[in-house]
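>>> One predicted model, sequence on top.
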Amino acid sequence: MSAPCSKEQLVDDRVASALRLLPDYLGQHVKLSAAALLLGLAVSAPLVVLARRSPRVRWPVLTLVSVVQTVPSLALLALFYPLLLALSSLSEELFGYSFAALGFLPSLLALALYSMLPIVRNGVTGLLSIDPAVMEAARGVGMTPRQSLFRVELPLAMPVIMAGLRTSAVWVIGTATLSTPVGQTSLGNYIFSGLQIQDWVSVLFGCFSAVALAIIADQLLALIENGVARRRPLRVWLGLALLVAGVAAAIVPSMRGTQAKYVIGAKSFSEQYILAQLLADRIERAGSSATQRIGLGSVIAFKALANNEIDAYVDYSGTVWANVLNRRDSLPRAQMLEEMTRVLKQEYGVTLLGALGFENAYALAMRADEARSMNVHSIADLAPHVRELKLGADFEFLARPEWAALRDSYGLAFKEERQYQSTFMYRAVASGEVDVISAFSSEGRIAAYDLVVLKDDKQVILPYDAVVLLAPRRAEDATLRRALTPLIGAVPIEQMREANQMVDRDEDKRSPAQAARWLAEKAGLN
Amino acid sequence: MSQPIIAIERASKSYRNGQHFALSELSLEIEPATFVAVVGGSGSGKTTLLKVINRLAELDTGTVRVYGTPVNERPGHELRRNVGYVFQGIGLFPHLSVAENIGITPRLLGWDAASITARVTELIDLVALPRSVLQRMPSELSGGQQQRIGVARALAAKPAILLMDEPFGALDPITRDALGTEVRSLHDSMGLTTVMVTHDVMEAVLLADRIVVMRAGRIVADGTPHSLLSGHPDEEVRAMMEMPRRQAERVRTVLERTTRG
């Protein structure tokens, strides 16, 4: 792995690994988009018919679908998760039946809602713009209202309706890429993970596949539209047949993929992608199969695990302690892990398998040469100097309890505090623009920029040990335990940093899968 | 006198919440095989009179009987399948071929395909169009051809009654004259009862057996063209009926002047 590779080889390698994921991502994307469009169409059709007949219905319907459209699509997707979660637990209480609130269902509902505006608006416009003389003739020759609708109004409005459907299809296929953070695999997986690890090959691959898919769907619908308008039934049937065949061809191979036995989750940053791959690789080595749900929101990941929607993922002890268990107190590391293991089991049925061996905590870091010259090893050593020093922080740090605790315990009052996007924060400390930064202890750039992490002697910051969590239904799963137990204590911080750096750096970039293989090799697990 | 095929009794219909009466206590009986022209200014209620016969418009009060039965005793669409209607705006279905347009009412009535095709061919001959237009779309035809199809469509299901709302209004004078004459001969050969709304007194005089003059939702004159041309107590009716003759007079004057000049 450390052998130098040419740039072309690396790009080829990244394209190849993107292609391997394509059947699964594309299949899921097509399944989601097709289902959302069909559902949107099914809900829109009666609304259109009602809105055409009565102006009193028309206004609220059109306003409602327009308002839905103005909700940012990512927010719409995100809102459906807690909503469905609440409904699911309500239905479990009332009927003893719960359903999956993560992944397909929230994405389907949000996208179906989103698809409705062009369908409804074009449907109503199309029906209302029919020549009144023709409508009167339909009555005059003896058609019932229903016959008039199906034999005259709908065929005449069809070009406008089809145009709406085409717009809607393009929107839905594009917006479906945003369903990744709510746990639905889609072509967005390429984009979200690519953005996170700055792998532009992956981002472009995701964009191009989604665009190509949208163009194909649009053109097939155009063929149908053309066939309807010019009364060429052959074109309509050909378009429909190709559409159905295309959807089937995309979905069928991914069905095989979804039969994987285990689902591994990951939040949306490089380290999580690497670790999810590491876990999945271990399961496959144990002779089973695993898929990944990557790019989950931080809180969503735990809820999904507790609901058995994913089987395992890596979280951090401090995050679980503060955000899931809502604890404000601090315990020594060993005691905290013990307490957390007990409470997670008791309250959520979640198993804490063990710690991987490294921490990913908020920490203060500075340039190694500066630390040496000031003879600073710990935050306590730093405290007397801070009046002359500048602090660089990410957008979140200064508002977090960790910072308040550090500031109060050590009496830290920097000369100046500046906020940066994390990439620029590292550049700022490297160039001497600031002296101390808020870093993540497992961050690869700590090694890359030759920084040192200052010891927190008073243990003010919670331990953020990376821990493997198992879903309630997998508590006694022998295969999973056999596959994952060797990882416990097998990932030291230096190796995690280096693995992160491989994925994050701009030159000689590696994929998370390659970094995961490297980690496994270092741990003697290959 | 035989039983009336259309009988309207004290019919009233108002629009805009009673602000405007389109029909006001109007009564009218029409004998079978009569060609009736309804004339009157715009807003006189003549189109409404036509529409209450096949329930394209509903009455407020009063009754309309068609073929002896009150029209509101059965569904409107069934009634309309048995009453031919030619629209002012023609209203051919733009997405259907000429043949499909003509055959629409028989199809709604559930005729078999062979009978529909036979009837459609028969009608295209009757309205004097080449059979080749049957497969064309309405938009490919001229206005006069389109209205011929409109007439054929109205007659497709062999109704005994034909209602026409200013059927030739949008056509050029020559086509209009020819089509009018053809409709009158179809009326005679098929034994139809025809009610035609028109604002053209000349057309009414030349085609109809009976002329009904309307004003403000009422009938102000009712008689044969001959009797109305011979004079009427109502001044407006008299002025209206004198129109064709006065125009003919002026044409003659113009002609004489030209020959002298």
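Perfect, I can see it now. It should be emphasised that the depicted structure is a prediction, and the values quoted were computed from it without experimental measurement.

>>> In a helix, A:Thr180, correct?
Yes - using DSSP: H, G, I helix; E, B strand; the rest coil, the assignment for A:Thr180 is a helix.

>>> How about the contacts made by it?
By Cβ atoms under 8 Å, 6 or more residues apart in numbering or on different chains, A:Thr180 lies in contact with A:186, A:188-189, A:191-192, A:294-295. Yep, even glycine has a C-beta here, placed from its N, CA and C like the rest.

>>> Select the longest helix from chain B.
The longest helix of chain B (DSSP state H) is helix B:235-260.

>>> so for that one, what's the average pLDDT?
For helix B:235-260, mean pLDDT rounds to 86.

>>> Show the secondary-structure elements that that helix is packed against.
For helix B:235-260, the packing partners by 3 or more Cβ pairs under 8 Å, 6 or more residues apart in numbering or on different chains; DSSP states H and E come out as helix B:201-207, strand B:210-215, strand B:218-223, helix B:225-229.

>>> mind putting those in CSV, mean pLDDT, mean neighbour count and distance to A:Ala368 included?
Below are these laid out as CSV (pLDDT from 0 to 100; neighbours: other Cβ atoms under 10 Å in any protein chain shown; distance: least, Cβ to Cβ, whole Å):
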stretch, mean pLDDT, mean neighbour count, distance to A:Ala368
helix B:201-207, 92, 20, 105
strand B:210-215, 95, 23, 104
strand B:218-223, 94, 18, 107
helix B:225-229, 93, 16, 115
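
>>> buried set for the longest helix of chain B?
Neighbour counts using 16 or more other Cβ atoms under 10 Å in any protein chain shown place B:237, B:240-241, B:244 of helix B:235-260 among the buried residues.

>>> Same question for stretch B:135-143.
Neighbour-count burial for stretch B:135-143 flags B:137-138, B:141 (criterion: 16+ other Cβ under 10 Å).

>>> And stretch B:46-61, by the same measure?
Buried residues in stretch B:46-61, defined by neighbour count with 16+ other Cβ under 10 Å: B:46-57, B:59.

>>> Export the residues you listed as JSON lines, with columns for distance to A:Pro332 and secondary structure.
JSON lines is the format used below for the buried residues of stretch B:46-61 (distance: Cβ to Cβ, whole Å; DSSP: H, G, I helix; E, B strand; the rest coil):
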{"residue": "B:Lys46", "distance to A:Pro332": "99", "secondary structure": "helix"}
{"residue": "B:Thr47", "distance to A:Pro332": "94", "secondary structure": "helix"}
{"residue": "B:Thr48", "distance to A:Pro332": "93", "secondary structure": "helix"}
{"residue": "B:Leu49", "distance to A:Pro332": "98", "secondary structure": "helix"}
{"residue": "B:Leu50", "distance to A:Pro332": "96", "secondary structure": "helix"}
{"residue": "B:Lys51", "distance to A:Pro332": "91", "secondary structure": "helix"}
{"residue": "B:Val52", "distance to A:Pro332": "94", "secondary structure": "helix"}
{"residue": "B:Ile53", "distance to A:Pro332": "97", "secondary structure": "helix"}
{"residue": "B:Asn54", "distance to A:Pro332": "93", "secondary structure": "coil"}
{"residue": "B:Arg55", "distance to A:Pro332": "89", "secondary structure": "coil"}
{"residue": "B:Leu56", "distance to A:Pro332": "89", "secondary structure": "coil"}
{"residue": "B:Ala57", "distance to A:Pro332": "89", "secondary structure": "coil"}
{"residue": "B:Leu59", "distance to A:Pro332": "92", "secondary structure": "coil"}
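
>>> farthest pair in these?
B:Lys46 and B:Arg55 (16.9 Å; Cβ to Cβ).

>>> Can you spell out which residues form a bridge with B:Arg210?
B:Arg210 has the following beta-bridge partners by DSSP bridges: B:Val36.

>>> would you list every one of the helices in the stretch 351-500 of chain A?
Using DSSP state H, counting those that start in this stretch, the helices of the stretch 351-500 of chain A run over A:368-374, A:379-382, A:401-410, A:422-430, A:445-448, A:478-484, A:493-504.

>>> for those, which one ends up most surrounded?
Among the helices of the stretch 351-500 of chain A, helix A:493-504 has the highest mean neighbour count (mean count of other Cβ atoms under 10 Å in any protein chain shown), at a mean of 22.

>>> Give me the buried positions along the helix or strand just after that one.
Next along the chain after helix A:493-504, taking DSSP states H and E as the criterion, comes helix A:512-522. Of the residues in helix A:512-522, A:512-520, A:522 count as buried by neighbour count, 16+ other Cβ under 10 Å.

>>> Need the contact partners of helix A:512-522.
By Cβ under 8 Å, 6+ apart, the list of residues contacting helix A:512-522 reads A:1, A:13, A:17, A:193, A:197, A:270, A:273-278, A:281-282, A:491, A:495-496, A:499-500, A:502-503, A:510, A:526.

>>> picking that back up, next, the angle from the longest helix of chain B to strand B:218-223.
In terms of direction (axes from the mean of the first three to the mean of the last three Cα atoms, to 10 degrees), helix B:235-260 departs from strand B:218-223 by 50 degrees.

>>> Get me the contact residues on the stretch 51-200 of chain B for chain A.
B:54, B:56, B:75-82, B:85, B:87-95, B:104-105, B:108-109, B:153, B:157 (Cβ under 8 Å from any Cβ of the partner chain).
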